[in-house]
Structures are given as C-alpha cells and as structure tokens.
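Chemist: Dropping the sequence and predicted coords here.
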Amino acid sequence: MILTGKTALVTGSTSGIGLAIARALAGAGARVMLNGFGEDAEIAALTQELGALHDGADLADPAAIAAMMARCADELGGPDILVNNAGIQHVAPVADFPPDKWDAIIAINLSAVFHTTRLALAGMKARGWGRVINTASAHSLVASPNKSAYVAAKHGVAGFTKALALETARDGITANCISPGYVWTPLVEKQIPDTMATRGLTRDEVINDVLLAAQPTKRFVTPEEVAGLALYLCGDAAGSITGANLSMDGGWTAQ
Ligand code: NAD
C-alpha cells in the first residue's frame, strides 16, 4: 500500500470531507490521527474502524493544538501527512456579522492551519518528506455574499499555502490546497436555514438556486472525490505539485 509506514493527521475528520480523507489515507496504509468533535461512541467506532487515534483538540485554542501535535509526534512519530481540513461557517451580512463568529472562523479556518503546520514542519524536514494538504474552498478564489469571514479565511489559507510551498520546496515537502465547490456534508446542510432566513427562500430554492446555481455540473461534489485527490497528492506522482490551489468545483470558478 502506497502509504504504509506514513502517518497522517487529519483535522476535522469526525465528519464530512475530513472523514472521507481519513478513510482514504488509512485505506492506503497510513496510521491516522483523527481530530474533531462528536459523540464518544461515534468516535470510538471510527477509531476502531480505521485503527486510528483521536485527539479532540479545539482548533480555536493554540495550546490545545500544540498538545495535539506533541501527542502526534510522541505516539505516531509524525505527522508525515498533515491535512488541515476542519472548518466552520456562519452566514450573515457584514454589518450584522457577529464579531465572535468572525473571530471563531478566522481562528479555526485560518490560524489553526498555521499552528498545526508550524509544529509539523521540523519533523517533516528531518525525515525529508512531507505533505501538507489544506481543504480550502471555491471561496478561496471567489466570494459569495454573506460569507465574509469564511471567504477571508479561505483566501488566507490559499495565500498561506503558496508561501509554505516556496519555503519548503527543497525539503521534500509539498503544500497544496484542494478547493471544492459545494460538497453535501453537515457543514452545508447546517447553513441552509440561515440562508433561507437571510434571503427569504425555501429549502429547495436555497439548494437549487443558491448553492447549485454556482456549480455548472448541477450536482454536489462528493467527499470521496475530494479524498481521492488528497490521496493522489500523497503519492510519488504528485511530488512536483506544490503551491497549487486545485479546484474541484464542477466548473464553478471557470465561469
Ligand atoms: P463538517 O461540518 O462535516 O465537518 C467539520 C469537521 O470539523 C468536523 O469533524 C468537526 O467536528 C470539525 N470541527 C469543527 N470545529 C472544530 C474545532 N473548533 N476544533 C476541531 N475540530 C472542529 O464540514 P465539511 O463540509 O466536511 O468541511 C470540511 C472542510 O471543507 C472545511 O474546511 C470546509 O470549509 C471545507 N469545504 C466544505 C465545502 C462543502 O461544501 N461542504 C466546500 C468547500 C470547502
């Protein structure tokens, strides 16, 4: 298996895209550390399914991130592969955007990517191999109304990834973003009620006229499609892909 002997930390992997990536990496032989929130029984079932460890660090808390990274080094000897995937969303116009939601989105979607990465780099450099894969978004390239914090954070992740790629280009480390369009996960499902309220639309109108309106394929991206690209980026054939922001958005940002 292509990732036998490698270790992977996937943030936000108790749900959605992160869980699909964790499954793909574990299926290819990597030893995985999961991160994210959830019911104890669900997390226990996932760790058993994947033969994985779980660390429940709140990524809004840099001290908790540091503790998770130390555990990953002590208990797994890694990570060789760091997937910065955890993210949250809040939908409101700028003038009404709650400042605490702004701070949380910047902390979890952007600053946590810096904190995990800065603590993973020494080990990757020492081993002469590393993969940093950041789940950005079509919103790292284009904006939508009422998502200012998310758009700002994701544009930030794209910029951070480019700088990281340049700094690590001679170290056997690649750093890339995957930028999905709309993927059917709890994150998308949860923003439907707010969008219904903000725009005065029905559920079906939000799905078809707001979400899929941007996506020429008129279908949601699947978590497994994103996981397939993440797995590809871990392989030797992707060794020269670095600093890229890889769209997987059904043509959204081609328009
Ligand atoms: P999701 O809500 O299904 O999963 C989010 C994961 O992050 C969960 O495991 C959750 O427990 C974890 N998480 C949330 N806050 C956390 C915190 N403070 N500390 C630690 N973990 C935390 O979401 P998803 O749709 O799978 O999104 C995953 C990533 O993909 C996010 O970065 C999101 O912005 C991005 N993305 C999603 C879509 C989409 O349409 N679903 C599109 C583009 C990009």
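Modeler: Arrived safely.

Chemist: From now on I want contacts and neighbour counts done on CA atoms only, so please keep to that.
Modeler: Noted.

Chemist: to the chain's geometric centre, what's the distance from the lengthiest strand in the chain?
Modeler: Longest strand of the chain, by residue count under DSSP state E: strand 173-180. Distance of strand 173-180 from the chain centroid (CA atoms, centre = their mean, to the nearest Å) equals 10 Å.

Chemist: Give me the distance between the spatially most central residue of the chain and Val132.
Modeler: Central residue of the chain (CA atoms, centre = their mean): Asn85, 1.8 Å from the mean position. Asn85 sits 11 Å away from Val132, going by CA to CA, to the nearest Å.

Chemist: same check, this time on Ala244
Modeler: Counting by CA to CA - Ala244 and Val132 are separated by 11 Å.

Chemist: is stretch 10-17 anywhere near the ligand?
Modeler: Yes - using CA under 6 Å from any ligand atom, stretch 10-17 reaches the ligand at 12-17.

Chemist: where's the residue nearest to Ala169 when sequence neighbours are not counted relative to Glu167, distance?
Modeler: The shortest distance from Ala169 to any non-neighbouring residue, by CA to CA, 6 or more residues apart in numbering, is to Thr242 (7.6 Å). According to CA to CA, Thr242 stands 11 Å off from Glu167.

Chemist: Same check on Ala143?
Modeler: From Ala143 across to Glu167, the span is 28 Å (CA to CA).

Chemist: Then His139?
Modeler: With CA to CA as the criterion, His139 and Glu167 are 24 Å apart.

Chemist: For the chain, just list every one of the helices.
Modeler: Listed in chain order, the helices of the chain (DSSP state H) span 16-27, 40-50, 62-76, 99-105, 112-127, 148-168, 186-199, 203-205, 223-234.

Chemist: one step back: quick check on the residue nearest to the centre of the chain: phi, psi?
Modeler: With angles defined as degrees, to the nearest 10, Asn85 sits at phi -120, psi -20.

Chemist: how about it, what does it touch?
Modeler: Residues near Asn85 by CA atoms under 8 Å, 6 or more residues apart in numbering: 10-13, 17-18, 134-136.

Chemist: Would you mind checking which of those residues is nearest to Ala163?
Modeler: Among these, Asn134 lies closest to Ala163 (CA to CA), at 13.0 Å.

Chemist: Surely the closest one is in contact with Gly159?
Modeler: No - using CA atoms under 8 Å, Asn134 is not in contact with Gly159, being 11.2 Å away.

Chemist: Neighbours of Asp249, how many?
Modeler: Asp249: 23 surrounding residues under other CA atoms under 10 Å.

Chemist: pLDDT at it, what is it?
Modeler: At Asp249, the model reports a pLDDT of 98.

Chemist: what does Ala214 give?
Modeler: Ala214 is assigned a predicted lDDT (pLDDT) of 86.

Chemist: was I right about it contacting Asp249?
Modeler: No - at 9.1 Å, Ala214 does not count as touching Asp249 under the criterion of CA under 8 Å.

Chemist: Looking at Asn134 and Gly159, which has the bigger crowd around it?
Modeler: Per other CA under 10 Å, whichever of Asn134 and Gly159 has more neighbours is Asn134, with 27 against 16.

Chemist: got the contact list for that one?
Modeler: 83-85, 113, 157, 161, 175-178 are the contacts of Asn134 under CA under 8 Å, 6+ apart.

Chemist: And those residues, which is closest to Asp194?
Modeler: Minimum distance to Asp194 across the contacts of Asn134 is 22.9 Å, recorded for Asn85 (CA to CA).
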